[in-house]
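Colleague: how does the following fold in three dimensions:
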Amino acid sequence: MSDTAPSPHRGMGFGQFVALIAAMMATNALAIDSMLPALPHIGEALGVHDPNARQWVITSYLLGFGVAQLAYGSLADRYGRKPVLMVGLSLYTIFAALCAFSTSFEMLLIARFLTGLGAASTRVLSVSIVRDCYAGRQMARVMSLAFIVFLATPIIAPSLGQAIMLVASWRWIFGVLSIFGLIVIAWVAIKLPETQHPEDRIPISVAGVSSAFKTALTDRVAMGYTLAAALVLSGLFGFLNSAQQVFSEVLHASDIFPLVFAGIAGTMAVSSLLNSRIVERLGMRKVSHWALIGFIAFAGAHAAVALTGHESLITFALMQAGMMFCFGLVMSNFGAIAMEPLGHVAGAAASIQGFITTVGGAVCGFVIGQLYDGTTVPLTLGFTGFGLAGLLVVLGTEKGKLFQTGHPAQAAAGGGAH
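Modeller: Predicted coordinates:
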């Protein structure tokens, strides 16, 4: 869309629209990554002495975040994006505050699950709102620009969590999440218009919801790239679950964990910026397919280093940075490709896709985390195995042909560049 074209989101400039989408997405990243340095303190305060058990603080949130996405899409398709988003953000804010007052580990996990339920609205609605306003490579560009701002969150979040604990209890980390939720609520209430087209409203009925879900679940391209994204995401969730333990016990670098984590996460921001510059020229498939191959290559090399006992802080940081650079190129494009054929049921599609990628990735990532054995071998093998599985799914989806500018049926018909 040219800069002189009418704005598809009245009352907001392009830059503010991208920033708001990024802020919505950041509620989720902040709720995960700011926790990482605090896990030992949370475990000590609430009587959890098994380091692997502390990973539930991350996974319980992710499960709530994934499951609730099934509901938000249908609600947003019926009632509009803005009111449903406001309800979800309110739940996020309330239950993040409840986490701060938890008196037991069980209470904390329940509150974290419920926080995830609220945060799920930001995942579904951010994608749906962007899809309401943009399509194809323009949508991929918007998502990439939003990712640049959004990915500043994992860069600073662990440092933020650690900084909070220097002056206050770990409970104030959850307090900051609640305050951030209030800020986003105010921004949405004041500046965001309703973006859903009136003709796309879908009544909530068994037949209507089933029809929308069936459309989303039976589209070959949409489901193929959704499953591939879930597989690639599994490795990342495995990393998030065990990162604090790896830096403390394997790399003996817990003091600089936030700094190294920021450097690794920063490569995703760089790749998203690069994607926004090249995706309209090269196409989503060419960029993401090469990036997936690069991801697997870095993961395989890292697994070889770990298996041969040569892991060090330098090898870990460099290999993870390479993987995360490729990951940024893969995920922003896979999401856009999966949504492209489903604009008329964008809410339901975002729900289904978010549920599959988040719950699938969380469960597989939890398994990877629970296999932690004092080395980086389970983690690196997890990245490699799930990356290869993702490539196989993409190959099946594209009928064995990678790097095309559009999906096979469109290419044969001579239309639709993606």
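Colleague: for the stretch 201-350 of the chain, what spans make up the helices?
Modeller: Listed in chain order, the helices found in the stretch 201-350 of the chain under DSSP state H, counting those that start in this stretch are 206-218, 220-245, 257-282, 284-307, 313-339, 346-370.
Colleague: show residues contacting the shortest one.
Modeller: The set of residues that contact helix 206-218 without belonging to it, under C-beta atoms under 8 Å, 6 or more residues apart in numbering, is 73-74, 77, 202, 222-223, 342, 345, 347-349, 351-353. Using the backbone N, CA and C atoms, a C-beta is placed for each residue, glycine as well.
Colleague: tell me which two in these are the farthest apart.
Modeller: Ile202 and Met223 (19.9 Å; C-beta to C-beta).
Colleague: contacting residues for the closest residue in space to Ile110 that isn't next to it in sequence?
Modeller: Among residues not flanking Ile110 along the chain, Ser60 sits closest, at 7.8 Å (C-beta to C-beta, 6 or more residues apart in numbering). For Ser60, the residues meeting the contact criterion (C-beta under 8 Å, 6+ apart) are Leu109, Ile110, Arg112, Phe113, Gly116.
Colleague: looking at it, Met284 is touching Ile337, isn't it?
Modeller: Yes: Met284 is in contact with Ile337 according to C-beta atoms under 8 Å; the separation is 5.2 Å.
Colleague: circling back to that earlier point, just the buried ones from the contacts of helix 206-218?
Modeller: The neighbour-count criterion (16 or more other C-beta atoms under 10 Å) marks 73-74, 77, 202, 222-223, 342, 345, 347-349, 351-353 among these as buried.
Colleague: would TSV of those residues with distance to Leu145 and pLDDT be doable?
Modeller: As requested, the buried ones among the contacts of helix 206-218 are arranged in TSV below (distance: C-beta to C-beta, whole Å; pLDDT from 0 to 100):
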residue	distance to Leu145	pLDDT
Gly73	24	78
Ser74	28	79
Asp77	26	79
Ile202	29	68
Ala222	23	89
Met223	27	92
Leu342	22	80
Val345	25	76
Gly347	22	68
Ala348	25	74
Ala349	21	80
Ser351	24	79
Ile352	25	85
Gln353	20	85
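Colleague: quick check, nearest of those residues to Lys399?
Modeller: Nearest to Lys399, judged by C-beta to C-beta, of the buried ones among the contacts of helix 206-218 is Met223 at 14.2 Å.
Colleague: the closest residue in space to that closest one that isn't next to it in sequence: neighbouring residues, count only.
Modeller: Nearest residue to Met223, sequence neighbours excluded (C-beta to C-beta, 6+ apart): Leu217, at 6.3 Å. Around Leu217 sit 15 other residues, with neighbours defined as other C-beta atoms under 10 Å.
Colleague: for Leu329, see how far away Leu217 is.
Modeller: 26 Å (C-beta to C-beta, to the nearest Å).
Colleague: next: Ala119.
Modeller: Between Ala119 and Leu329 the distance is 25 Å, computed by C-beta to C-beta.
Colleague: and Ala189, by the same measure?
Modeller: 34 Å.
Colleague: tell me which residues in the helix or strand Glu106 falls within are buried?
Modeller: In this assignment (DSSP states H and E), Glu106 forms part of helix 105-133. Judged by neighbour count (16+ other C-beta under 10 Å), helix 105-133 contains these buried residues: 105, 108-133.
Colleague: counting contacts, what elements does it pack onto?
Modeller: With contacts taken as 3 or more C-beta pairs under 8 Å, 6 or more residues apart in numbering; DSSP states H and E, helix 105-133 sits against helix 14-33, helix 56-67, helix 69-79, helix 81-100, helix 136-150, helix 313-339, helix 346-370.
Colleague: can you lay out these as CSV showing distance to Ala306?
Modeller: As requested, the helices and strands packed on helix 105-133 are arranged in CSV below (distance: least, C-beta to C-beta, whole Å):
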stretch, distance to Ala306
helix 14-33, 23
helix 56-67, 22
helix 69-79, 34
helix 81-100, 34
helix 136-150, 28
helix 313-339, 9
helix 346-370, 13
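Colleague: mean pLDDT lowest for which of the ones you listed?
Modeller: Looking over these, mean pLDDT reaches its minimum on helix 136-150, with a mean of 71.
Colleague: dump stretch 387-403 to PDB, restricted to CA.
Modeller: These are the backbone C-alpha positions of stretch 387-403, laid out as PDB (Å, rounded to 0.1, in the frame of the first residue of the first chain):
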ATOM      1  CA  GLY A 387      13.400 -28.200  12.600                       C
ATOM      2  CA  LEU A 388      13.800 -31.200  10.300                       C
ATOM      3  CA  ALA A 389      10.200 -32.200  11.000                       C
ATOM      4  CA  GLY A 390       9.000 -28.700  10.100                       C
ATOM      5  CA  LEU A 391      10.900 -28.900   6.800                       C
ATOM      6  CA  LEU A 392       9.200 -32.200   5.900                       C
ATOM      7  CA  VAL A 393       5.800 -30.700   6.600                       C
ATOM      8  CA  VAL A 394       6.600 -27.700   4.300                       C
ATOM      9  CA  LEU A 395       7.800 -30.100   1.600                       C
ATOM     10  CA  GLY A 396       4.600 -32.000   1.800                       C
ATOM     11  CA  THR A 397       2.500 -28.800   1.800                       C
ATOM     12  CA  GLU A 398       4.400 -27.500  -1.300                       C
ATOM     13  CA  LYS A 399       4.300 -30.900  -3.000                       C
ATOM     14  CA  GLY A 400       8.000 -31.200  -2.900                       C
ATOM     15  CA  LYS A 401       8.800 -27.800  -4.400                       C
ATOM     16  CA  LEU A 402      10.500 -25.200  -2.300                       C
ATOM     17  CA  PHE A 403      11.300 -21.500  -3.000                       C
END
